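A.B. asks: Predicted model, plus sequence, below.
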Amino acid sequence: GDSVTQMEGPVTLSEEAFLTINCTYTATGYPSLFWYVQYPGEGLQLLLKATKADDKGSNKGFEATYRKETTSFHLEKGSVQVSDSAVYFCALMGLTGGGNKLTFGTGTQLKVEL
Amino acid sequence: EAGVAQSPRYKIIEKRQSVAFWCNPISGHATLYWYQQILGQGPKLLIQFQNNGVVDDSQLPKDRFSAERLKGVDSTLKIQPAKLEDSAVYLCASSRRGGLYNEQFFGPGTRLTVL
């Protein structure tokens, strides 16, 4: 079945550091790929998405490129801020049973310090 | 536009008791999802509704979990009887309709603790 593997946290960075959170997936067919973010005390929010190979999703300075050849969708940001501290989830969506099911990774906690 | 509403936000019960969670999706959203998020894991889909019909309930433990969406709007998820391993955050999400290109919007979740 479908699965998502993402790097374990917590990840602790200094403000303005470069961020990479690795994500790889296993799926049949051509899934859509997503990054969700969960800020403390809040619900999951869609951060960015890509629906086909070589697509680049971007939002709020974050980017991720859909790499079919390596089945990866790594999240990057050039300069993190304290306000980026949150848990980040990589997810894929494939058509199963007639619906559209999101399969999530285990999440990576990011802590950004001054 | 109001987001997905869930209640209660927190619930503590003893094992073998029953509990119910409520979700009100974004107005006009035909598709509603319930996810279970155990601490340290990603959310796992329990059930998906399209209007008031079930699209996917393959991962719902039907011996103790039930869900309904009678009028195609709000939904309830029930656990009876609860087990210790049911301690988790229960997330409700909605989208305009099913399909790969419809963003799912999540509520704040209900944190359940089973003692």
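C.D. replies: In hand now; what should we look at?
A.B. asks: Just give me the neighbour total for B:C23.
C.D. replies: The tally of other residues near B:C23 (other C-beta atoms under 10 Å in any protein chain shown) stands at 25. Yep, even glycine has a C-beta here, placed from its N, CA and C like the rest.
A.B. asks: quick one: least confident helix or strand in chain A?
C.D. replies: Ranked by mean pLDDT, DSSP states H and E, the weakest helix or strand in chain A is strand A:99-104, scoring a mean of 81.
A.B. asks: buried stuff in it?
C.D. replies: Within strand A:99-104, the residues that qualify as buried are A:G99, A:N100, A:K101, A:L102, A:T103, A:F104, counting by 16 or more other C-beta atoms under 10 Å in any protein chain shown.
A.B. asks: then it to PDB, C-alphas only?
C.D. replies: What follows is strand A:99-104, C-alpha atoms only, in PDB (Å, rounded to 0.1, in the frame of the first residue of the first chain):
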ATOM      1  CA  GLY A  99     -12.100   8.200  -2.700                       C
ATOM      2  CA  ASN A 100      -9.100  10.400  -2.300                       C
ATOM      3  CA  LYS A 101      -7.100   9.200   0.800                       C
ATOM      4  CA  LEU A 102      -4.300  11.200   2.400                       C
ATOM      5  CA  THR A 103      -1.500   9.100   3.700                       C
ATOM      6  CA  PHE A 104       0.800  11.000   6.100                       C
END
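A.B. asks: Pull up the pairing partners for it, direction included.
C.D. replies: Partners of strand A:99-104 in the sheet, by DSSP bridges, are strand A:86-96 (antiparallel).
A.B. asks: Look up which residues are beta-bridged to the closest residue to chain B within chain A.
C.D. replies: Relative to chain B, the nearest point of chain A is A:F104 (3.0 Å; C-beta to the nearest C-beta). Assessed by DSSP bridges, A:F104 has beta-bridge partners A:A91.
A.B. asks: any idea how far A:P10 is from it?
C.D. replies: The gap separating A:F104 from A:P10 is 18 Å, by C-beta to C-beta, to the nearest Å.
A.B. asks: Residues of chain A that sit close to chain B?
C.D. replies: Within reach of chain B by C-beta under 8 Å from any C-beta of the partner chain, chain A has these residues: A:4, A:32, A:36, A:41-46, A:49, A:51, A:89, A:91, A:93, A:95-107.
A.B. asks: all strands for chain A, in order.
C.D. replies: According to DSSP state E, chain A carries its strands in the segments A:3-6, A:11-14, A:19-21, A:23-26, A:32-38, A:44-50, A:56-59, A:62-65, A:75-77, A:86-96, A:99-104, A:108-113.
A.B. asks: Turn those into CSV, including distance to B:Q50.
C.D. replies: Shown next, in CSV, are those (distance: least, C-beta to C-beta, whole Å):
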stretch, distance to B:Q50
strand A:3-6, 24
strand A:11-14, 38
strand A:19-21, 33
strand A:23-26, 25
strand A:32-38, 18
strand A:44-50, 20
strand A:56-59, 26
strand A:62-65, 29
strand A:75-77, 31
strand A:86-96, 13
strand A:99-104, 8
strand A:108-113, 32
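A.B. asks: Looking at those, spot the one closest to B:F21.
C.D. replies: Closest to B:F21 of those is strand A:44-50 (C-beta to C-beta; 16.4 Å).
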